[in-house]
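>>> Below are the sequence and a predicted model for it; my questions follow.
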Amino acid sequence: MENDKGLKELEQKVFRSYFKDGLWDIYGALILLGFGLTMVTGWDYLIIAFAAIAVILLLFRQRIVIPRLGQVKFSSELQVKTKRSKLIAMAILTFTMLLGVVFFVLYSTNNMPRWLDTWMGDYFFVAFGGVLAMLIAAAAYIVGVWRYHIYAVLTFIAYVLANMLRSNDMEGIPIIVVGCTILISGVTILTRFLRKYPLPPQETGGA
Amino acid sequence: MPKSSIGDKEVTLVTTIDRLIHEPARFNIMAYLFVVQSADFTFLQIQTGLTWGNLSSHINKLETAGYVVVEKEFVGKKPHTMLHLTDKGRAAFSDYRKQMRKVINTLPNK
């Protein structure tokens, strides 16, 4: 029905408004930068450090977004839908991680089929980038934020380029470039968000 | 008596529209509360663009009509107000939408 469609769009608009702070963008960018810088420098702890900063940032997200946009409990229908989407995303993530463990076990025990060993040797970054891009695209679909689809494409391109530049030991550069691009986008969105939604005055007890 | 382009049926339909919801600011508040389970004052202020005082006044009217429930709570030491539509409010908003659709459908094209 036309009007129901209008209300659904209103509900989606409200839901999407909780992702216009740019903090998820910064989170993703820091993870990518962690990967890229680890590849360039060879310092493995960099990815852990960047991931830790990203997680700390996300822990503060509620304190930044809720006081500015207000608190809302979505309809039970949307909550069920979101829960289902999260379960699907978790299933994809678990499946990917299990696949990674299987590959690792096969590789470390020298049981990897030769064709797969050769393929992974040649196209490891493409496969990794593909999985990462799929996860970002799944997140984009769940929250309905179109710019995340662009990030998914950029991430995949970065890993394809990384694969091509592997022979020159420059595989980290495209990942750093894409990480910086997403970081700039995230910081710009966050700055705009903080300017547009300053902290409202505290309630004094009266409605 | 000049012939009006709007008939008695349309006039009767228009007069049965819920005026409390028909006011644009209150319609906006009702629409946002209709699509969510509950929300606080800040959320409604941001989404509707109304001032604190204006919003408060409209909420009072909706609360008096029994369309909205205002729940005051304390988060830590800070007061916090959550709002949600009552069953009566949900039914009234649904009826309003149906009624408006009928009115618009019965209006002549020219």
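Alright, I've got the coordinates. Residues are numbered from 1 along each chain as shown, chains lettered A, B, ... in the order given.

>>> in what helix or strand does the spatially most central residue of chain A lie?
By CA atoms, centre = their mean, the mean C-alpha position of chain A lies nearest to residue A:28, the distance being 4.4 Å. Assigned by DSSP states H and E, residue A:28 falls within helix A:23-41.

>>> tell me the mean pLDDT for the helix or strand just after that helix?
Note on helix A:23-41: by DSSP H and E, the next helix or strand toward the C-terminus is helix A:45-59. Mean per-residue pLDDT for helix A:45-59: 82.

>>> Just want the angle from helix A:45-59 to helix A:23-41.
170 degrees (axes from the mean of the first three to the mean of the last three CA atoms, to 10 degrees).

>>> Run the chain-centre distance for helix A:45-59.
Remark: helix A:45-59 is offset 13 Å from the chain centroid, using CA atoms, centre = their mean, to the nearest Å.

>>> The helix or strand following that helix packs against which elements?
Counting by DSSP H and E, the element after helix A:45-59 in chain order, helix or strand, is helix A:61-69. Packing partners of helix A:61-69 (3 or more CB pairs under 8 Å, 6 or more residues apart in numbering or on different chains; DSSP states H and E): helix A:23-41, helix A:172-196, helix B:41-48. Placement of C-beta: from N, CA and C, glycine included.

>>> Point out where the chain drops to low pLDDT.
Because you didn't say which chain, this covers chain A. Residue ranges of chain A with pLDDT under 70: A:1-4, A:78, A:202-207.

>>> um, chain B though
Applying pLDDT under 70 to chain B flags the ranges B:1-11, B:110.

>>> Which single residue in chain B comes nearest to chain A?
Per CB to the nearest CB, residue B:43 is where chain B lies closest to chain A, at 2.8 Å.

>>> Tell me, how many residues neighbour that residue?
Applying other CB atoms under 10 Å in any protein chain shown, we find 23 residues neighbouring residue B:43.

>>> now residue A:6: how far from residue B:34?
From residue A:6 across to residue B:34, the span is 11 Å (CB to CB, to the nearest Å).
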